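Chemist: Have a look; sequence and predicted model below, questions after that.
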Amino acid sequence: MWQTIIDYFTPISYLRILDAALVVLLLYQLYRAVRESIAFNLFIGMLLIYLLWRLVHELDMPLMDEFFDGLVKIGLVGLIVLFQPELRKFLINLGRRPVLGSQGLLRRFFQSSGIKKYIAEEEIINETMEGVLRMKHDKMGGVIVIALSDKYQLDTNSGVLINGLVSSELLLSLFTADSPLQNGAALIDNNQLLAAGITLPISSSQKISGSKGLRHRAAVGATEYGEVIAIVISSESGEVSLAQNGVLKEAVSLEFLKKEMYRALVGA
């Protein structure tokens, strides 16, 4: 095995150095993406199996080589099946967003937390959409504010600090009829559900329909005081609206809402 590595780098060329550097970088980025998650042990296990496979191959142990060869192939198929939803989302967004540019995939990849942040944003969008879908179905009123940067002026002290992971179950529990936080807004910031039950500034915009209540005006008001988007679910009709840049888009479809969340959070 070691002789193969030595032979690979003899003679040393810039292309081979680049090849090795890219492999190390890819493994490091994958390690950072899955550490502190349930996939970490799986990543380490597959890496060890691969190294053992290469070792027995170099030691010319045909039976062990054949055994590990089959194990690696089965493992790859298992990984594809196990992570099919994540792979599907990744490939969809690979085609949706540019490769180059300030919001491109390459820039994200080389950032200190690019891949991990990308995965977190994906999770936030999916969990929020699941919560909105169920609130719409049950006509459960609520306002969900998502911060796009730290440039917003919302009084989080008017509600209750949560600092929890974003999940559809947690969002639903905040807006149930018997929840003391149902009349306030939930704030998602920095990949966390930061606070709930917070009071939002009320917009005085004349562009908002007179049939809309305080929830809708508060959602628009939040977007007038910072870089946020606000999702409103009506308790009367289950209608979903989206406030952006001081403008309320009424009765939007869930497909449109998801697309706008991707545009705002992921830059796609």
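Modeler: Cool, the structure landed.
Chemist: Output the below-cut-off pLDDT ranges for the chain.
Modeler: Applying pLDDT under 70 to the chain picks out residues 1-13, 29-41, 43, 78-120, 266-268.
Chemist: Output the longest strand belonging to it.
Modeler: Ranked by residue count and defined by DSSP state E, the top strand of the chain is strand 142-152.
Chemist: Sheet-wise, list the partners of it with their directions.
Modeler: Paired with strand 142-152 in the same sheet, following DSSP bridges, are strand 185-189 (parallel), strand 226-233 (antiparallel).
Chemist: For the residue sitting furthest away from the middle of the chain, list the residues it contacts.
Modeler: The C-alpha centroid of the chain is most remote from Asp60, which lies 44.6 Å away (C-alpha atoms, centre = their mean). Applying C-beta atoms under 8 Å, 6 or more residues apart in numbering to Asp60 gives no contacts. C-beta here means a position set from N, CA and C on the backbone, and glycine is covered the same way.
Chemist: Validate this expectation: it resides in a strand.
Modeler: No - Asp60 sits outside any strand when classified using DSSP: H, G, I helix; E, B strand; the rest coil, being coil.
Chemist: Please state the backbone phi and psi of Val252?
Modeler: Comment: the main-chain dihedrals of Val252 come out as phi -80, psi 150, following degrees, to the nearest 10.
Chemist: can you give me phi and psi for the spatially closest residue to it that is not a sequence neighbour?
Modeler: With sequence-adjacent residues excluded and distances taken as C-beta to C-beta, 6 or more residues apart in numbering, Val252 is closest to Leu242, at 5.2 Å. Backbone torsions of Leu242, given as degrees, to the nearest 10, read phi -130, psi 130.
Chemist: Same check on the one 4 residues further on?
Modeler: Dihedral pair for Gly246: phi 80, psi 10, per degrees, to the nearest 10.
Chemist: Count the residues that sit near it.
Modeler: When neighbours are defined as other C-beta atoms under 10 Å, Gly246 has 15 of them.
Chemist: Which SSE is immediately downstream of the longest strand of the chain?
Modeler: Where DSSP states H and E defines the elements, the next helix or strand beyond strand 142-152 is strand 160-164.
Chemist: Let's see that following strand as PDB, backbone CA atoms only.
Modeler: What follows is the C-alpha trace of strand 160-164 in PDB, where atoms were taken according to Å, rounded to 0.1, in the frame of the first residue of the first chain:
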ATOM      1  CA  VAL A 160     -39.900  34.000  25.400                       C
ATOM      2  CA  LEU A 161     -36.400  33.000  24.400                       C
ATOM      3  CA  ILE A 162     -36.200  29.400  23.200                       C
ATOM      4  CA  ASN A 163     -32.900  28.900  21.400                       C
ATOM      5  CA  GLY A 164     -34.100  25.500  20.100                       C
END
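Chemist: Downstream of it, the next helix or strand is which one?
Modeler: Using DSSP H and E, the helix or strand that follows strand 160-164 in sequence is helix 168-174.
Chemist: How far does that next one sit from its chain's centre?
Modeler: For helix 168-174, the distance between its averaged C-alpha position and the chain's averaged C-alpha position is 18 Å (C-alpha atoms, centre = their mean, to the nearest Å).
Chemist: and what of stretch 193-207?
Modeler: Averaged C-alpha coordinates place stretch 193-207 at 24 Å from its chain's average position (C-alpha atoms, centre = their mean).
Chemist: Could I get the buried residue list for it?
Modeler: Applying a neighbour-count criterion of 16 or more other C-beta atoms under 10 Å, one finds Leu193, Leu194, Ala195, Ala196, Gly197, Ile198, Leu200, Pro201, Ser203 buried in stretch 193-207.
Chemist: Wait, a strand at the second one?
Modeler: Yes - with three-state DSSP as the criterion, Leu194 is part of a strand.
Chemist: Wait, it touches Thr156, no?
Modeler: Yes - the pair formed by Leu194 and Thr156 meets the contact definition of C-beta atoms under 8 Å, at 6.5 Å.
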